[in-house]
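1. Would you be able to build a 3D model of this:
(3 chains)
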Amino acid sequence: MTHAHARRILALLALIPSGRVVSYGQLADLAGLPGRARLVGRVLRTEDTSTLPWHRVVGAGGRLSLPEGSDGWREQRERLLAEGVMLRGSRLDMKMYQWQPDLAAMLMLMDH
DNA sequence: CGCTTGACGGGAA
DNA sequence: CTTCCCGCCAAGC
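-> Down below sits the predicted model:
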């Protein structure tokens, strides 16, 4: 059985729209786990994210966190580019692509 | 059991 | 830009 924290993180991950990204720390905050950015990274590495948009999670500074040149890095890069997110190497503009959850999205979350 | 790691983050130098 | 450093803490070893 997966940890409750992991379930919340994965549930939120599924809500991130195509073409938009969130930072590890932002996802932790949304999950009610401030200061737990590393937990988000671990969950993404540990849990099965095959059916989820894991590629929409990037470092707070707009940098891909996977080792540059690795398979995962290439995969994330390709997926983002396919969604229209422009990247220069491992960098992208957070001002341009960071997801800001709207009221409707927040209400969805409260409606268990 | 204590010590190290790590898909993090922010600040200082 | 690049280190360092510290806070964070579950997993590995």
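2. which residues in chain A form strands?
-> Ranges of strands in chain A, per DSSP state E, are A:22-23, A:57-58.
3. closest one to residue A:5 among these?
-> strand A:57-58 (15.2 Å; Cβ to Cβ). Quick note: C-beta positions are derived from backbone N, CA and C, even for glycine.
4. related to what we said a few turns ago, ok, which of the strands of chain A comes nearest DNA strand C?
-> Across the strands of chain A, DNA strand C has its closest neighbour in strand A:22-23 (12.2 Å, Cβ to the nearest atom of the strand).
5. gap between the closest one and the chain center?
-> Put simply, strand A:22-23 sits 5 Å off its chain's centre (Cα atoms, centre = their mean, to the nearest Å).
6. burial count for residue A:69?
-> Counted with other Cβ atoms under 10 Å, the neighbours of residue A:69 add up to 8.
7. what about it, distance to residue A:91?
-> As judged by Cβ to Cβ, to the nearest Å, residue A:69 and residue A:91 stand 15 Å apart.
8. thinking again about what came up before, mind putting the strands of chain A into TSV with distance to residue A:75 and mean pLDDT?
-> Shown next, in TSV, are those (distance: least, Cβ to Cβ, whole Å; pLDDT from 0 to 100):
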stretch	distance to residue A:75	mean pLDDT
strand A:22-23	18	98
strand A:57-58	13	98
